[in-house]
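**Q** take this sequence and fold it.
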Amino acid sequence: MQLYYHPLSGHAHRARLFLSLLGVEHELVLVDLADKEHKEEQFLKLNPFGQVPVLDDDGTIICDSNAILVYLAKKMERTDWLPEDPQGAAVVQRWLSVAAGQIAHGPAQARLINVFKAPYRPEEVIPRSHSILTLIEAALEGRRWIAADRPTIADVALYSYVARAPEGDVDLQRYSNIRAWLERLEALPGFVDFQKTPVGLAA
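**A** Purely as a prediction, here's the structure:
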């Protein structure tokens, strides 16, 4: 498999992390976002949306980080990471939606301000970040993992931008359940770190 990625993209890290946790051999293909390679014709043939990550599985092209997580779990028949039962699958999907929604518009955008000088407003995205982190903190009360009694792709989908929230001036100190959950994820065999950027509260 080939994973088109950029080391500072949390969406790309999500896919890379799951490949590593599953122990799937893969080749990383760097897409230079600064040089706009993701907007060039060759890349747009893979993903017309012009976004990383993209997974190429021997010609089967999968775009979107959460879609890649689902594809890999199904392809590898890892029902421990993506339950087959209706309720278990629905709970995981709920958190995938949170990753694509509140996390993308909260901690991810807050980080983009400091890492890529993105034109978002800190006074809007930082409070949004704390709103979703407060809900995640409550959901983790008395639990080790967000969607089941074991890690699932829901945990993988949430990890990257929550872990790097301080880079967007979003302080995690008040969230003891989240910090313990991050440490559990980072202790999993095959864990691969998300490149740190010394900005915001992480400077």
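**Q** how far away is the residue nearest to A163 when sequence neighbours are not counted from W145?
**A** Sequence neighbours aside, L182 is the residue nearest to A163 in space, at 5.4 Å (criterion: Cβ to Cβ, 6 or more residues apart in numbering). C-beta here means a position set from N, CA and C on the backbone, and glycine is covered the same way. Counting by Cβ to Cβ, to the nearest Å, the gap from L182 to W145 is 12 Å.
**Q** equivalent analysis for A73, please.
**A** A73 is 15 Å from W145, where distance means Cβ to Cβ.
**Q** check V29 too.
**A** 31 Å.
**Q** what sits up against stretch 10-26?
**A** Defining contact as Cβ atoms under 8 Å, 6 or more residues apart in numbering, one finds that stretch 10-26 is touched by 1-7, 28, 51-53, 55, 65-66, 68-69, 72-73, 76, 78, 81, 99, 108, 111, 151, 153, 156-157, 159-161, 164, 188-192, 194-195.
**Q** returning to that earlier point: looking at L182 and W145, which has the bigger crowd around it?
**A** Set side by side, L182 and W145 show more neighbours around L182, with 18 against 15, by other Cβ atoms under 10 Å.
**Q** secondary structure class for that one?
**A** What DSSP: H, G, I helix; E, B strand; the rest coil gives for L182 is helix.
**Q** quick check, it in contact with S160.
**A** No: at 10.4 Å, L182 does not count as touching S160 under the criterion of Cβ atoms under 8 Å.
**Q** just the buried positions in stretch 163-181, please.
**A** Buried residues in stretch 163-181, defined by neighbour count with 16 or more other Cβ atoms under 10 Å: 163-170, 172, 175, 177-178, 181.
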